[in-house]
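Peer 1: Can you look at this prediction? I've put the sequence above it.
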Amino acid sequence: MPVANAPTPPTTARAKRVRSIRTLRRGDTIEARSGGETYFHGEVQDTAPGLSTVWIRDESSGLRTALSMDDFTLWKIPA
């Protein structure tokens, strides 16, 4: 289940849903959403497409966080 400090409103301006982790690159900015809430927002650090997992540096906490597409929908935020 999603674990976060506090949900924040989603960044909806031109965000594009990520259907495959293979489309993400180090340095991309993404959001992890569940149930209409944004739980994590940060920069991609690493990916594991075979595990459907991406690691980000969360902007709010500064911590490296693993996110699974089984638990969240991921949204790429344009630069």
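Peer 2: Nice, thanks for sending it over.

Peer 1: starting at the chain centroid, how far to stretch 24-36?
Peer 2: Relative to its chain's centre, stretch 24-36 lies at 3 Å (Cα atoms, centre = their mean, to the nearest Å).

Peer 1: Quick check: buried residues in that stretch?
Peer 2: 24, 28-33 (16 or more other Cβ atoms under 10 Å). (C-beta placed from N, C-alpha, C; glycine too.)

Peer 1: mind saving the C-alpha coords of that stretch as CSV?
Peer 2: Extracted as CSV, the C-alpha positions of stretch 24-36 are listed here (Å, rounded to 0.1, in the frame of the first residue of the first chain):
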residue,chain,number,x,y,z
LEU,A,24,11.7,6.8,-18.2
ARG,A,25,15.3,8.1,-18.0
ARG,A,26,17.5,9.3,-15.2
GLY,A,27,16.7,12.9,-14.5
ASP,A,28,13.0,12.8,-15.6
THR,A,29,10.6,14.3,-13.1
ILE,A,30,7.6,12.1,-12.2
GLU,A,31,4.7,11.9,-9.8
ALA,A,32,3.3,8.8,-8.1
ARG,A,33,-0.5,8.9,-7.7
SER,A,34,-3.1,6.6,-6.2
GLY,A,35,-6.8,7.3,-5.7
GLY,A,36,-6.5,10.7,-7.2
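
Peer 1: what's that stretch in contact with?
Peer 2: Stretch 24-36 is contacted by residues 2, 10-11, 15, 18, 38-47, 54, 56, 67, 71-77, 79 when judged by Cβ atoms under 8 Å, 6 or more residues apart in numbering.

Peer 1: Can you select the buried ones from the residues you listed in PyMOL?
Peer 2: Only the buried members of the contacts of stretch 24-36 enter the following PyMOL selection, criterion being 16+ other Cβ under 10 Å:
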select buried, resi 10+15+18+38+39+40+41+42+44+47+54+56+67+72+74+75+76+77
